[in-house]
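K.L.:
Generate coordinates for the sequence data below:
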Amino acid sequence: PPTILRFEEPEKRHDTCMMFTVRGHPLPTLHWTYNNVELTQSEYIRTEMEVYQDYLEGCLVFRNPTHHNNGNYTLEVRNAMGVASKTVYGHFMESPFDSKALCGDLVSQ
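P.N.:
Residues are numbered from 1 along each chain as shown. Here you go, the predicted structure:
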């Protein structure tokens with residue numbers, strides 16, 4: 001069956017990367033979810049990877065992520081031999097509008 005050797009928390013590079021390495025024969029297909037909903041890729045969130053003999057290595061790449069991108073990202077890999085999945089919490093930044101701080105400011109005025 002396929003194996004997820006690595007799937008990591010976001011790391012800031014030129015863009016932000018959640019690095020992964022997946023092994024399997026035949027090579028598995030990748031499927032992404034964000035907070036248990038299928039992740040739609042775009043120019044702002046996309047998969048970039050290299051294919052080697054029996055593994056895939058790459059990143060789920062985020063261009064200018066914000067607090068709206070915080071959440072659980074699940075990588076599911078599948079081939080004829082089986083399925084594997086791993087979930088990682090992606091924390092990109094704090095919300096600029098902390099509701100507790102806002103409420104505290106209103107009460108103190």
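K.L.:
now the residue nearest to the spatial centre of the chain, nearest residue through space, not along the chain?
P.N.:
The centroid of the chain falls nearest to residue 73 when counting by C-alpha atoms, centre = their mean (4.4 Å). Once flanking residues are discounted, residue 73 sits nearest to residue 90: 5.0 Å by C-beta to C-beta, 6 or more residues apart in numbering. In this view, the C-beta of every residue, glycine as well, is placed from N, C-alpha and C.
K.L.:
which residues of the chain fall in helices?
P.N.:
99-108 (DSSP state H).
K.L.:
ok, now how distant is residue 4 from residue 74?
P.N.:
From residue 4 over to residue 74 the distance is 10 Å, taken as C-beta to C-beta, to the nearest Å.
K.L.:
Actually, residue 34.
P.N.:
Counting by C-beta to C-beta - residue 34 and residue 74 are separated by 8 Å.
K.L.:
One more: residue 44?
P.N.:
Counting by C-beta to C-beta - residue 44 and residue 74 are separated by 19 Å.
K.L.:
More neighbours: these two, which one.
P.N.:
residue 74 (17 against 12; other C-beta atoms under 10 Å).
K.L.:
Would you confirm that that one contacts residue 89?
P.N.:
No - counting by C-beta atoms under 8 Å, residue 74 stays clear of residue 89, with 10.5 Å between them.
K.L.:
and for residue 4 and residue 74, which residues touch both?
P.N.:
85-86 (C-beta atoms under 8 Å, 6 or more residues apart in numbering).
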